[in-house]
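Trainee: My questions concern the predicted model and sequence given below.
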Amino acid sequence: MGHERIGFLPRTSQWKRIVNQLNSYDGDSDKVKIIANNTLQAMRKSYDAMSFDESVIKAISFLATISSP
């Protein structure tokens, strides 16, 4: 009740480390910076890989096809 499903969490070792960092977070502001930077690096890596993901390529191609008049 009241929660929003946002999808899945990747299961790579990089993302598991981020989850572990969040789990052990103790309020230290330096750790916030580390976790944020690690998250940004992981997201960049994920976005870089999307251009080679066949399902993403097909989805974009499909959307472009149905949007053409």
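Mentor: Perfect, I can see it now. Being a predicted model, the structure only gives us computed values, none of them experimental.

Trainee: can you give me the helices in this protein?
Mentor: Here the chain has its helices, by DSSP state H, at 13-23, 29-50, 54-67.

Trainee: and residue 4, which of the ones you listed is closest to it?
Mentor: Residue 4 lies closest to helix 13-23 among the helices of the chain, at 18.1 Å (CB to CB). Placement of C-beta: from N, CA and C, glycine included.

Trainee: Show the pLDDT at the residue sitting nearest the centre point of the chain.
Mentor: Against the mean C-alpha coordinate of the chain, by CA atoms, centre = their mean, the closest residue is residue 43 at 4.8 Å. Note for residue 43: predicted pLDDT of 91.

Trainee: What of the one 5 residues further on?
Mentor: Per-residue pLDDT puts residue 48 at 92.

Trainee: Could you dump the helices of the chain into TSV with distance to residue 7 added?
Mentor: Formatted as TSV, the helices of the chain follow (distance: least, CB to CB, whole Å):
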stretch	distance to residue 7
helix 13-23	13
helix 29-50	12
helix 54-67	14
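
Trainee: Tell me how far the residue nearest to residue 45 when sequence neighbours are not counted lies from residue 23.
Mentor: Nearest non-adjacent residue to residue 45, counting by CB to CB, 6 or more residues apart in numbering: residue 14, 7.1 Å away. Here residue 14 is placed at a distance of 15 Å from residue 23 (CB to CB, to the nearest Å).

Trainee: More neighbours: which of these two?
Mentor: residue 14 (13 against 7; other CB atoms under 10 Å).

Trainee: In this structure the residue nearest to residue 45 contacts residue 44, no?
Mentor: No: using CB atoms under 8 Å, residue 14 is not in contact with residue 44; the gap is 11.0 Å.

Trainee: Now for residue 18, how many residues are close by?
Mentor: The burial count for residue 18: 20, using other CB under 10 Å.

Trainee: Sounds good, over and out.
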